[in-house]
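**Student:** Give me coordinates for this.
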Amino acid sequence: MSETNTTDAKTVPAEAEKKKEQSLPFFKLFSFADKFDYLLMFVGSLGAIVHGSSMPVFFLLFGQMVNGFGKNQMDLHQMVHEVSRVSLFFLSCFYQIRSKI
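**Tutor:** Residues are numbered from 1 along each chain as shown. Next comes the predicted model:
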């Protein structure tokens, strides 16, 4: 039983040394990239920016629509005009995104 513990103890440092030899700094990974990889990273980053900004843009548009209700409580015609303007803009953005999918 003690023999298995000694063999396990010897293999653990050997595995740790093997892992240490295989490790690579993070920025060293970019040295292996070619032009196509840089293009893919750029397109992926651009897609992440668009995807991440979609919710704040939605909140801004929704906030403008709610403000259209609140500012024009007494004037029904002006309220309908303001809400229609914002909702049409919102729907046109949705339609443009939906047509590209």
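**Student:** Which helix runs longest in this protein?
**Tutor:** Secondary structure of the chain per DSSP state H: the longest helix is helix 35-71.
**Student:** got the buried residues for the helix or strand just after that helix?
**Tutor:** Downstream of helix 35-71, the first helix or strand assigned by DSSP states H and E is helix 76-100. Buried residues in helix 76-100, counted by 16 or more other CB atoms under 10 Å: 79, 82-83, 86, 90. In this view, the C-beta of every residue, glycine as well, is placed from N, C-alpha and C.
**Student:** Retrieve the pLDDT associated with the most centrally placed residue in the chain.
**Tutor:** Taking CA atoms, centre = their mean as the criterion, residue 48 is the residue nearest the geometric centre of the chain, at 3.9 Å. Residue 48 carries a pLDDT value of 93.
**Student:** tell me the contacts of it?
**Tutor:** Not one residue lies near residue 48 by CB atoms under 8 Å, 6 or more residues apart in numbering.
**Student:** try residue 71
**Tutor:** By CB under 8 Å, 6+ apart, the residues touching residue 71 are 79, 82.
**Student:** I'd like the numbering to begin with 203 instead of 1 from here.
**Tutor:** Right, with 203 as the first residue, what we last looked at is residue 273.
**Student:** That one and residue 288, how far apart?
**Tutor:** Plainly put, residue 273 is 12 Å away from residue 288 if you go by CB to CB, to the nearest Å.
**Student:** Name the residues of the longest helix of the chain that are buried.
**Tutor:** 263, 266-267, 270.
**Student:** Might you calculate how far that helix sits from the centre of the chain?
**Tutor:** Remark: helix 237-273 is offset 9 Å from the chain centroid, using CA atoms, centre = their mean, to the nearest Å.
**Student:** got the angle between it and helix 278-302?
**Tutor:** 160 degrees (axes from the mean of the first three to the mean of the last three CA atoms, to 10 degrees).
**Student:** which of the buried residues of helix 278-302 lies closest to residue 243?
**Tutor:** Residue 243 lies nearest to residue 292 out of those, by CB to CB, at 32.0 Å.
**Student:** Please verify my assumption that that closest one contacts residue 267.
**Tutor:** Yes - shown here, residue 292 and residue 267 form a contact pair, counting by CB atoms under 8 Å, at 7.2 Å.
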